[in-house]
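J.: Predicted model, plus sequence, below.
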Amino acid sequence: MSTALAPDPVRPAPASASAQDPAAAVRAVRRARARRTRRALALLVLALLAALAVRVLLGRYTVTVPDFFAILTGERIPGASFIVLQEKLPRAVLGALAGIAFGCSGALFRRVLRNPLASPDILGITYGAAAGAVAGMAVWGLRGTAVSWTALAGALLAAVLIAAASVRLRGGAGIVGERFLLAGIGTASLAQALTAAMLVRLSLNSAQDAALWTAGSLSAATWERITVLGACLAVAVPVAVVVHRSLEPAELGPELAAGLGAHPARSRALALGLGVVLAAAATAATGPLAFVALMSTPVATALTRGRTSIVACALVGAVLVVVADAVGSELLGDVRLPAGVVTGAVGAPVMLWLLVRQRRGASA
Amino acid sequence: MTPAFRIRGLDLGYGDRPVVHEVDLDVAHGCTTVLIGANGCGKSTLLKGLSRQLRPAGGTLEADGRDVRSWSSREYARSVSLLPQSPVVPEGLTVAELVERGRHPHRRWWGAPSPDDDAAVARALELTELTALAARPVEELSGGQRQRAWIALTLAQGARTMLLDEPTSFLDLAHQVDLLDMLHGLEHPDGTRATVVAVLHELNLAARVADRLVAMADGRIVATGTPHEVLTPALLAEVFGLRADVAHDPVGGHPVVLPRGRAREGSSPDLPDLPVLSDLPDLPAVPAAPSAAEPARR
Amino acid sequence: MSTLSPARTTSPVPGAAQRHRGSALLGAVALLLAAAAASLFWGARSVDPATVLAVLGQLPAALLDGGWSQVSAGLGIDAAVVHSRIPRTFTAVLVGAALAVAGAGMQGVSRNPLGDPGLLGLTAGAAAAVVLGIGWLGASAAWQLTALALAGSAVAAVLVFGVSRLGGGSPTPAGLALSGAAVSAGFTALTSSAVLAVPAVLDRFRFWNIGSVTRADLPDVAAVAPLVLLGVLLVLGGSSGLNAMALGDELAHGLGVDLGLQRALVFVGVVLLSGAATALAGPIAFVGLLVPHAVRRLLGGDYRWIVVLSAVLGPVLLLLADVVGRVLTPPQEIHVGVTTVVLGVPVLLVLLRRGRSVGL
């Protein structure tokens, strides 16, 4: 800490702050923070709406705003109706939902495990889903929606494996963070190796499908998937918000959290379980969209200047996925890249920039 | 009056490794009790037991007359607060926000901070002289300021009993004295005196603030009583393996430990070839009676 | 933040710890010999041990003449089988040692027990370089892929460390881990887009992408061996610096350690090792994570011993995984990239369950 050398400004005391009501000063600090958070959230909501609008209205096939609302209210416009209702709108909505799920999941993992690498993509949940999907294609010859179910099974299996290695039921210690991380990375390696091995057994055509799936893409967006994922989120996200908030004391370390009367063991397990469910549900619908879960928390934290709000994380995730899908399918000329490739390609520099900025801030 | 803690035959340990054995102790409300002892003697473990982080492996532990296992965790946190040795600094919090985290047990899951919370936070900031730093990020504080922020968090918790594990680490001497005097004289908003149980390494500071000293060695309590009763050369040799003389502070009357060297096994704690300071004639003859010392301490 | 804690479990009696280490090293070497023998004598096709010995006897002559054809005609198919086992045994030894030592070095430099060449982006960099090489440069020869893998690892390494230093000061463990994840994701995106765009690239890449020790021939092994040796020596040279770094940068500086130099030594070593291993065998996960961890469990946190023992036990893991892959489903073989992880994950899980705590 470079500020350690500064003379202690408190000792020579009566500063101007003590002139006013101290409780009012505390309130002022809190309100300033709340204002900043609200502003960031409002900005993110606007960004998400803008991204959705761009995704649905613009691109290779543009739709005018009046036409769009006419289609929504049931009017049939030849060509446009089909493209909006079966292609553009489902992709945009599914992308936003998946982004919300990944963002929430990442925020929960990070809060519980207090490690910047703790996210469902590093810890093998999404790789488990990918392995499940490829296994469904390679071993049972499945296609389409059925693959989503084997993917879900793969993700949950990965979570069970991690839990088996890291959760101690006796002694009341609950989930041990370091063990969870290591077990997760081990599981990720296992899932990746199995995926690679099964990819070789497929015909080249199926291997291409599988590669598309493992990269993560919104091209298979259907209203059916949206309904399933939406129902999951409707239940899980409100719980996630409450659990995330109730875990605030856990940030102070296990001892102090216990001293504050929080139930870390119980709420930590709940938070990780929710994180797994959210990531698994989203991955089953879209494939593992690289980096969204890992990246949305630090981006959101930078936007709200410090304190992490899970709602901000969810919104950042949604914006990322929608924009990535728009870029991948519309902006690159003839090349069409799946959203998962774009999130990885865009996410990497954003993440690096954040890191550099953070270090500049720390050393300044 | 019910004691803050009533401890009978308490055993504590980690897994199958016992650390604290058969401790009997009563901690009275409104008192400052200081645990002393060599490194690894079980002071911090006892504190962990009192804060319910370790379950008793044997014996009974009652807080305010009730078995600690029968309390709900929030209820317990409103009554007993803990400052651990090395809490984790979360990212991106201001001092006021950090201190506000101490209000957790008073809050519902989603309740917005109440005026009570603000008042408690403001009072804690004032007591620790942090009011001017309320809006600063915790990461930017110096070590001593940060330690005071943690203490403020514990104060804001508003518990009648405070458990402090080496609260003076990272503080300079002036701040150590300020902090301990503040804790010693601390009154809750309802006018009752705070109950403090602290682990301290600095014996002379402990003697200055403690109403009661508890000396531990090898997981057992070897002496309890006023600083005068506990801080004797014989006990220092037994507990710390330290050859020391005990003098008396000419102003406050507290015992003052003057280390001479390490006691060797089997050797007498007070070697005759060293002058014993308390017997020196040029010292002002201050009566060491606790009754005389008591008012001077406030 | 997970950093290596400065507190280490040490044996109560120093002498006992040293004896323990010596016998551990001896035991590990014995295990290595046994595993190498198993790799030579066992396989999907059973071969008379006498034939194996006969072929092994011709090895020096074959190496001098530059091929088997002149020396071992007349031993039939069995000899050919053994001929194929020799390079793969050597490959497994080299790759295992390289990955395990690279993992140990990474864990030390990043002060993060999750440090692993794969996690810090080096493997992803190598894979991306190989894919681009296959797709657009028409690379196919082993030496070309080796050079590409090395170059890719190096670029990734420079990126990871460069970024983690950009803000000034020395890289923090968390910063390294994060920039590693970021660089890794970036290269994976590059690989995916290349693979998805050109089906032919996917077809070759998916075979390269499962780790296997059967690809390399003796000349390849001989070409890469010096790189591995150099890499191990570099990491070993920096390992006492790693011991000091485990105490934190400030304390290490106070102990008179040239942090920049030691870090650079280890880092160059790690790049050489992981690049060489990836070039010979494709991406093999997990060896770099598991082996140093297991050694740390056995012997405590002295990096010099972790490096030495990892160099011996890494090959053991890979050899055993390869043998298991050969005999499990004869006549088909399971690639070592799969069996290593399948064998390794349970070991890691058991280690995690049994240990009191991981040295985080």
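T.: Received it, and whenever you're ready, just let me know what you need.
J.: burial of the residue nearest to A:A324 when sequence neighbours are not counted, as a residue count?
T.: Nearest-residue entry for A:A324: A:V342, 3.9 Å, with adjacent residues in sequence omitted and distances by C-beta to C-beta, 6 or more residues apart in numbering or on different chains. For glycine as for every other residue, the C-beta is placed from the backbone atoms N, C-alpha and C. A:V342 has 30 neighbours, counted by other C-beta atoms under 10 Å in any protein chain shown.
J.: now the one helix or strand A:V342 maps to: mean pLDDT?
T.: Element membership of A:V342, judged by DSSP states H and E, is helix A:339-363. The pLDDT scores in helix A:339-363 average 74.
J.: repeat for stretch A:26-34
T.: For stretch A:26-34, the mean confidence score works out to 81.
J.: quick one: contacts of stretch B:27-38?
T.: B:1-5, B:7, B:43, B:46-47, B:160-161, B:183-184, B:192-201, B:203, B:206, B:209-217, B:230, B:239-241 (C-beta atoms under 8 Å, 6 or more residues apart in numbering or on different chains).
J.: Filter those down to the buried ones, PyMOL style.
T.: Per 16 or more other C-beta atoms under 10 Å in any protein chain shown, the buried members of those correspond to this PyMOL selection:
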select buried, chain B and resi 3+4+5+7+43+46+47+160+161+183+184+193+194+195+196+197+198+199+200+203+206+209+210+211+212+213+214+215+216+217+230+239+240
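J.: my read: the residue nearest to A:A324 touches C:S192, true?
T.: No. Contact criterion C-beta atoms under 8 Å: A:V342 and C:S192 do not qualify, at 10.0 Å.
J.: just the helices in the stretch 1-150 of chain B please.
T.: B:43-50, B:73-79, B:95-100, B:115-127, B:143-156 (DSSP state H, counting those that start in this stretch).
J.: Correction: the previous question concerned chain A.
T.: A:22-57, A:65-72, A:80-82, A:89-113, A:125-138, A:145-166, A:177-201, A:204-215, A:223-246, A:254-259, A:264-286, A:292-303, A:310-326, A:339-363 (DSSP state H).
J.: Report all helices and strands that the shortest one contacts.
T.: In this structure, helix A:80-82 makes packing contacts with helix A:65-72, judged by 3 or more C-beta pairs under 8 Å, 6 or more residues apart in numbering or on different chains; DSSP states H and E.
J.: Who are the contact partners of the residue positioned nearest the centre of chain C?
T.: Geometric centre of chain C, nearest residue: C:L99, 1.1 Å, by C-alpha atoms, centre = their mean. Neighbouring residues of C:L99 by C-beta under 8 Å, 6+ apart: C:117, C:273-274, C:277, C:284, C:287-288, C:291, C:314, C:318.
J.: what's the closest non-adjacent residue to B:R136?
T.: B:V95 (5.4 Å).
J.: That neighbour and A:S309, how far apart?
T.: 20 Å (C-beta to C-beta, to the nearest Å).
J.: who has more neighbours, these two?
T.: B:V95 (29 against 21).
J.: can you redo the contacts of C:L99 as JSON lines with distance to chain B, neighbour count and secondary structure?
T.: Shown next, in JSON lines, are the contacts of C:L99 (distance: C-beta to the nearest C-beta, whole Å; neighbours: other C-beta atoms under 10 Å in any protein chain shown; DSSP: H, G, I helix; E, B strand; the rest coil):
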{"residue": "C:P117", "distance to chain B": "28", "neighbour count": "34", "secondary structure": "coil"}
{"residue": "C:L273", "distance to chain B": "34", "neighbour count": "35", "secondary structure": "helix"}
{"residue": "C:S274", "distance to chain B": "31", "neighbour count": "34", "secondary structure": "helix"}
{"residue": "C:A277", "distance to chain B": "36", "neighbour count": "37", "secondary structure": "helix"}
{"residue": "C:I284", "distance to chain B": "36", "neighbour count": "32", "secondary structure": "coil"}
{"residue": "C:V287", "distance to chain B": "32", "neighbour count": "34", "secondary structure": "helix"}
{"residue": "C:G288", "distance to chain B": "29", "neighbour count": "35", "secondary structure": "helix"}
{"residue": "C:V291", "distance to chain B": "28", "neighbour count": "30", "secondary structure": "helix"}
{"residue": "C:G314", "distance to chain B": "33", "neighbour count": "31", "secondary structure": "helix"}
{"residue": "C:L318", "distance to chain B": "36", "neighbour count": "36", "secondary structure": "helix"}
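J.: a markdown table for those residues, including distance to chain A?
T.: Shown next, in a markdown table, are the contacts of C:L99 (distance: C-beta to the nearest C-beta, whole Å):
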| residue | distance to chain A |
| --- | --- |
| C:P117 | 12 |
| C:L273 | 18 |
| C:S274 | 15 |
| C:A277 | 15 |
| C:I284 | 8 |
| C:V287 | 10 |
| C:G288 | 10 |
| C:V291 | 13 |
| C:G314 | 15 |
| C:L318 | 13 |
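J.: Is there a neighbour count for C:A285? I'd like the number.
T.: 28.
J.: contacting residues for C:G282?
T.: C:208-212, C:215, C:337.
J.: Between the residues you listed, which sits nearest A:A92?
T.: C:N209 (32.6 Å; C-beta to C-beta).
J.: Number of residues surrounding the closest one?
T.: 24.
J.: And the pLDDT for the residue nearest to it when sequence neighbours are not counted?
T.: Excluding its sequence neighbours, the residue lying closest to C:N209 (C-beta to C-beta, 6+ apart) is A:A196, at 4.9 Å. According to the prediction, A:A196 has pLDDT 83.
J.: Checking the closest residue to B:V230 other than its chain neighbours next. Helix, strand or coil?
T.: Once flanking residues are discounted, B:V230 sits nearest to B:L213: 4.2 Å by C-beta to C-beta, 6+ apart. Counting by DSSP: H, G, I helix; E, B strand; the rest coil, the backbone at B:L213 sits in strand.
J.: Surely B:L213 and B:T232 touch.
T.: No. Look at B:L213 against B:T232 with C-beta under 8 Å: they stay out of range, at 11.0 Å.
J.: And for the residue in the stretch 151-298 of chain B that chain A sits nearest to, the neighbour number?
T.: Among the residues of the stretch 151-298 of chain B, B:Q157 lies closest to chain A, at 6.8 Å counting by C-beta to the nearest C-beta. By other C-beta under 10 Å, the residues close to B:Q157 number 28.
J.: List the contacts of it.
T.: Applying C-beta under 8 Å, 6+ apart, the residues near B:Q157 are A:259-260, B:77-78, B:81, B:102-105.
J.: what's the answer for B:R6, then?
T.: Counted by C-beta under 8 Å, 6+ apart, B:R6 has contacts B:26, B:60-62, B:65.
J.: Please identify which of those is nearest to A:V139.
T.: B:L61 (57.0 Å).
J.: Same list (the helices of the stretch 1-150 of chain B) but as TSV, adding mean pLDDT.
T.: Converted to TSV, the helices of the stretch 1-150 of chain B look like this (pLDDT from 0 to 100):
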stretch	mean pLDDT
helix B:43-50	88
helix B:73-79	86
helix B:95-100	87
helix B:115-127	86
helix B:143-156	87
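J.: For the residue in the stretch 51-200 of chain B that chain C sits nearest to, which residues are in contact?
T.: Residue nearest to chain C within the stretch 51-200 of chain B (C-beta to the nearest C-beta): B:V88, separated by 8.9 Å. Counting by C-beta under 8 Å, 6+ apart, B:V88 makes contact with A:114, A:251-253, A:256.
J.: Give the buried residues for the helix or strand harbouring C:T339.
T.: For C:T339, the host element (DSSP H and E) is helix C:336-354. Across helix C:336-354, burial judged by 16+ other C-beta under 10 Å covers C:336-345, C:347-349, C:351-352.
J.: Ok, stretch C:244-255 next?
T.: Those would be C:244-247, C:249, C:252, for stretch C:244-255 by 16+ other C-beta under 10 Å.
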